[in-house]
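Undergrad: Here is the input, now give the coordinates:
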Amino acid sequence: MKSSGASYNQIMIFHSIAREGSIRGAARQLEMAAPSVSQSLKRLESKLGLPLFSRSTRQMNLTEAGRFLLENTKEAMTTLDCALEGVRDLRRAPSGKVSMTIPRFVYQSMIQPVFADFCRLYPDIELEISVSEALVNISQEGIDVGIRFGDLIEEGLVARKLTGPVQESFFASPAYLEKYGTPQSPEDLENHKLIQYRFGASNRLAPTRMKQAGSTVTVDIPGAMIVNDTDIIIDGAVAGIGIGRFLTPLMAKYFEQGVLVPILQPYWFEYPGLYLCFQQNSQKAKRIRVLIDFLLEHAQLRAL
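TA: Predicted structure coming up:
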């Protein structure tokens with residue numbers, strides 16, 4: 001059987017174009033001249049005898065052949081990249097860029113207290129932290145490490161447990177409860193107002209879930225205000241605007257100080273634990289492995 005003759009560099013450049021959506025974007029990401037990237041793609045398409053992208057003045061979209069090539073070389077390219085990097089790592093200290101995607105509350109409670117220690121420990125590693133409430137596709141976006149709840153992990157990723165299950169607490173200020181009363185059951189919430197959270201990426205309101213009679217129920221509560229930042233939920237609750245809800249370990253300080261009062265505790269919903277996730281074989285690269293090991297040892301939920 002005759003080989004296509006496609007080289008590693010050509011496939012690597014093809015992946016970058018698919019990821020960035022343009023020749024110029026791939027050139028910036030690869031630190032290459034745009035004409036060189038374009039010529040590499042043309043040579044690859046000529047060898048394969050099929051176009052890999054449909055081109056317009058504004059964007060490049062994968063053709064059927066392009067999608068097939070991307071999906072069927074992704075795992076092999078990751079494995080090869082990690083193997084090559086692993087060989088280079090045998091003779092040097094960990095170095096290079098390592099990227100991580102995390103929600104804001106994870107940054108505040110788990111990463112903010114420890115990331116400077118990691119940077120001091122590994123000065124040759126360039127740590128890139130992307131804070132996003134969107135469910136970023138780690139494999140497609142070429143990100144090395146992510147932290148998310150166990151029920152949100154992409155298929156095919158390796159997951160290492162960071163925490164046990166985490167409850168979501170409901171709370172209000174003493175002044176609010178004195179004025180409106182303390183609800184004793186989910187049904188009582190129809191007479192109260194909730195500080196609601198809206199996901200920025202999907203523009204959806206976060207469902208209000210509670211445990212009742214051994215099952216999970218979604219509760220409709222009148223809204224006091226809508227926010228897209230968890231700090232504002234806490235600020236609004238402290239100010240007596242309405243009832244707030246957030247992860248229990250992060251609220252300990254407010255409960256201990258009496259600034260906020262936990263309510264409806266028998267009905268709190270429980271999320272799966274937080275997990276560190278990454279692509280198969282990526283931990284073979286020393287720069288990624290040391291970050292994984294560091295986070296497994298040092299990352300923990302801390303009160304805000």
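
Undergrad: C-alpha only now, for contacts and for neighbours.
TA: OK.

Undergrad: What segments of the stretch 151-300 of the chain are helices?
TA: 174-180, 230-238, 252-257, 286-298 (DSSP state H, counting those that start in this stretch).

Undergrad: What's the first helix or strand after the worst-scoring helix or strand of the chain on mean pLDDT?
TA: Every helix and strand of the chain was ranked by mean pLDDT, DSSP states H and E. The lowest is helix 64-89, at a mean of 78. Scanning forward in sequence from helix 64-89 by DSSP states H and E, the next helix or strand is strand 96-102.

Undergrad: who does that next one touch, helix- and strand-wise?
TA: Other elements packing on strand 96-102 under the criterion 3 or more C-alpha pairs under 8 Å, 6 or more residues apart in numbering; DSSP states H and E are strand 125-131, strand 145-149, helix 286-298.

Undergrad: So what's the model's average confidence on that strand?
TA: Across strand 96-102, the average pLDDT comes to 93.

Undergrad: How about stretch 236-251?
TA: 96.

Undergrad: Not counting its own residues, what contacts that stretch?
TA: The contact list for stretch 236-251 (C-alpha atoms under 8 Å, 6 or more residues apart in numbering) reads 109, 166-173, 175-176, 192-196, 224, 230, 233-234, 259-260, 301-304.

Undergrad: rewinding a little: export the helices of the stretch 151-300 of the chain to CSV and append columns for mean neighbour count.
TA: Shown next, in CSV, are the helices of the stretch 151-300 of the chain (neighbours: other C-alpha atoms under 10 Å):
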stretch, mean neighbour count
helix 174-180, 15
helix 230-238, 19
helix 252-257, 14
helix 286-298, 18
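
Undergrad: how about those, which one is nearest Gln39?
TA: Gln39 lies closest, by C-alpha to C-alpha, to one member of those: helix 286-298, at 31.7 Å.

Undergrad: which parts of stretch 199-212 are buried?
TA: Neighbour-count burial for stretch 199-212 flags Thr208, Arg209, Met210, Lys211 (criterion: 16 or more other C-alpha atoms under 10 Å).

Undergrad: now do stretch 35-54
TA: Using 16+ other C-alpha under 10 Å as the test for burial, stretch 35-54 gives Val37, Ser38, Ser40, Leu41, Leu44, Glu45, Pro51, Leu52, Phe53.

Undergrad: Stretch 93-107 too?
TA: By 16+ other C-alpha under 10 Å, the buried positions in stretch 93-107 come out as Pro94, Ser95, Val98, Ser99, Met100, Thr101, Ile102, Pro103, Arg104, Phe105, Val106, Tyr107.

Undergrad: And that stretch, end to end?
TA: The straight-line separation of the ends of stretch 93-107 (C-alpha to C-alpha, to the nearest Å) is 26 Å.

Undergrad: what does stretch 247-255 give?
TA: With C-alpha to C-alpha applied, stretch 247-255 spans 12 Å between its terminal residues.

Undergrad: gap between it and the chain center?
TA: 22 Å (C-alpha atoms, centre = their mean, to the nearest Å).

Undergrad: And stretch 68-78, by the same measure?
TA: 22 Å.

Undergrad: Just the CA trace of it, in CSV.
TA: Coordinates of each C-alpha in stretch 68-78 appear next as CSV, following Å, rounded to 0.1, in the frame of the first residue of the first chain:
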residue,chain,number,x,y,z
PHE,A,68,-12.0,12.3,9.5
LEU,A,69,-8.3,13.1,9.5
LEU,A,70,-8.6,15.3,12.7
GLU,A,71,-10.5,12.7,14.7
ASN,A,72,-8.4,9.8,13.6
THR,A,73,-5.0,11.4,14.2
LYS,A,74,-5.8,13.3,17.4
GLU,A,75,-4.9,10.5,19.8
ALA,A,76,-1.9,9.5,17.9
MET,A,77,-0.5,13.0,17.8
THR,A,78,-1.0,13.4,21.5
